[in-house]
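Trainee: Can you look at this prediction? I've put the sequence above it.
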Amino acid sequence: MLKVTGLEAGYGVSQVLFGMGFEVPRGSVTSLIGRNGMGKTTTIHTILGMVRARGGDIQLEGESITALQPNTIARRGIGLVPEGRRVFPSLTVEENLVATSRPGGADGWSLERIYDLFPRLKERRGQFAATLSGGEQQMLAVGRALLTNPALLILDEATEGLAPVIRADIWATLRRLKELGQSILVVDKNLKEMAPLVDRHHIVEKGRVVWQGSPQELAANEDLAHRYLGV
Ligand SMILES: Nc1ncnc2c1ncn2[C@@H]1O[C@H](COP(=O)(O)OP(=O)(O)OP(=O)(O)O)[C@@H](O)[C@H]1O
C-alpha cells in the first residue's frame, strides 16, 4: 500500500529525516513511535508533499508520489487526521464533513455512513464545530478524513490531550475501521492502547527507523522502550 524508502527531508539547513523507511501493508495498522522531535510528523508531512523530499522515494500502491503536489497526493488516496484537531471552527459539523469529501466506490464512505459511525456528529450536524467538545472535534476530524475515501488513513497524535474515555472511543473506532479493511498509519504515544490494534510498530530515532516489530515483541523488550521511548 505505502512504501517509504531512504527518505531524506528537513527545513532549510536543518535535516530531520535521514534514510527514513517503512511499509504499510494493505489492510494493516502500522505505527511510528518515538520521542518528541525525532521526525514522525516530518515523515507524515513529507508523505503528504507538504515538506519536500530531498532524497528517497514514497510509493503509494506501487507508484511514486514523491514529486507530487499535496492536493494531488490527497486525491490519490491519503487522508490525514492532523495533530491538534484542525477542524474549521466557523463551519457546521456537516459543512466540515462535506468540505473536502470525495465520492468512494459502492462500499465507500457517505455522509450517512459517517453519521452511523459517529451518531454524536449526526445529533450535532447543524452546530458550529467551534462549539464541540475536544473529543467530538476529534471524531469530526476522523469523519472528515474518512469522507475523502482514502486508501490510506494517517492519524498524527489523534488522541493527544483527550480524556481517557474519549481516547478509548477513538481506539474503538479505529478497530472498527481495521475490521472494515482500512489501511492505517498511526503516530501516537499510548503504547498500551495501541497494542490490540497495531500490527507493526516502528521506533523512530533521529529521522530513521531503528527498530520494528509487533506490540508483543516491544512489550517483551523493556530495554528498548526505556532507550528509545523514555518509558
Ligand atoms: N516547520 C518547521 N521548521 C523548522 N523545524 C521544524 C519544523 N517542524 C519541525 N521541525 C523540527 O524538526 C524536528 C522533528 O520534528 P517532528 O515534529 O517531525 O518530530 P516528531 O517526532 O513528530 O515529534 P513531536 O511528537 O514533537 O511532533 C524537530 O527538531 C523540530 O524542531
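Mentor: Here it is on my side, so go on. Numbering: from 1, shown residues only.

Trainee: okay, now the residue nearest to residue 231 when sequence neighbours are not counted: neighbour count?
Mentor: Once flanking residues are discounted, residue 231 sits nearest to residue 225: 5.0 Å by Cβ to Cβ, 6 or more residues apart in numbering. Quick note: C-beta positions are derived from backbone N, CA and C, even for glycine. Residue 225: 15 surrounding residues under other Cβ atoms under 10 Å.

Trainee: sec struct for residue 225, please.
Mentor: helix (DSSP: H, G, I helix; E, B strand; the rest coil).

Trainee: Spell out which parts of the chain neighbour the ligand.
Mentor: Residues of the chain lying close to the ligand by Cβ under 6 Å from any ligand atom are 11, 16, 34, 36, 37, 38, 39, 40, 41, 42.

Trainee: Spell out which two among those residues are the most distant pair, please.
Mentor: Comparing every pair within the residues of the chain next to the ligand by Cβ to Cβ identifies 11 and 34 as the most remote, at 18.3 Å.

Trainee: And those two? Which one has more around it.
Mentor: Using other Cβ under 10 Å, the more surrounded residue of residue 11 and residue 34 is residue 34, with 24 against 9.

Trainee: residue contacts, that one?
Mentor: 40, 203, 204, 205, 228, 229 (Cβ atoms under 8 Å, 6 or more residues apart in numbering).

Trainee: Strands - which of those residues land there?
Mentor: 203, 204, 205 (DSSP state E).

Trainee: Let's see if you can find the most crowded of those.
Mentor: Top of those by neighbour count (other Cβ under 10 Å): residue 204, with 24 neighbours.

Trainee: Give me the distance between residue 56 and residue 22.
Mentor: Distance, residue 56 to residue 22, by Cβ to Cβ, to the nearest Å: 12 Å.
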